[in-house]
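Colleague: Below are the sequence and a predicted model for it; my questions follow.
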Amino acid sequence: MTLVATVALGLALTYVVLLGALLVARPKGNLLGEALRLLPDLMRLLRRLAGDAGVPRGARVRLWLLLGYLAIPIDLVPDFVPVLGYADDAIILSLVLRSVVRRAGAPIVRRHWPGTDHGLAALGRLTGLQVDEARST
């Protein structure tokens, strides 16, 4: 019985640490709201980047894993958890996007961005990277 209790305690502790890490990594201010408003454009961007052979393979793998995670109805943090319940998808999305933009570069993200220039500027604030320079058409 002590083995079961130890494993349960370890899992509970790991979950609490994960919640803390998500809380620390979440975008500050109104960026989370911006991420939710940009969700349709972000989903199209993810799909386009994941299918582009010009994006480094490791970044594409992360994008496909993210798309799979978003498609699964079971969340990492249940929706009834205050603050993080509905935000976990947006937080994970912003972390993966930050990683992909750093790896693939801002020009490829600008090329695949389906939304407005204002939305691209919000994406830059969300990822903490400079992606909102004037787009080339």
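Modeller: That came through fine.
Colleague: Could you use CA atoms for every contact and neighbour count after this?
Modeller: OK.
Colleague: What segments of the protein are helices?
Modeller: Ranges of helices within the chain are 2-25, 31-37, 39-50, 57-71, 88-104, 106-112, 117-127, based on DSSP state H.
Colleague: looking at these, which one has the lowest mean pLDDT?
Modeller: Ranked by mean pLDDT, the helices of the chain bottom out at helix 31-37, with a mean of 60.
Colleague: roughly how far apart are Ala59 and Val16?
Modeller: Distance of Ala59 to Val16, given as Cα to Cα, to the nearest Å: 28 Å.
Colleague: who's more crowded, the two?
Modeller: Taking neighbours as other Cα atoms under 10 Å, Ala59 and Val16 compare with Ala59 leading, 20 against 12.
Colleague: Would you mind measuring from the most centrally placed residue in the chain to Ala106?
Modeller: For the chain, Leu93 is the residue whose C-alpha lies nearest the centre (Cα atoms, centre = their mean; 1.0 Å). The gap separating Leu93 from Ala106 is 17 Å, by Cα to Cα.
Colleague: try Ser99
Modeller: As judged by Cα to Cα, Ser99 and Ala106 stand 11 Å apart.
Colleague: so what sits against both of these two?
Modeller: By Cα atoms under 8 Å, 6 or more residues apart in numbering, Ser99 and Ala106 have no common neighbours.
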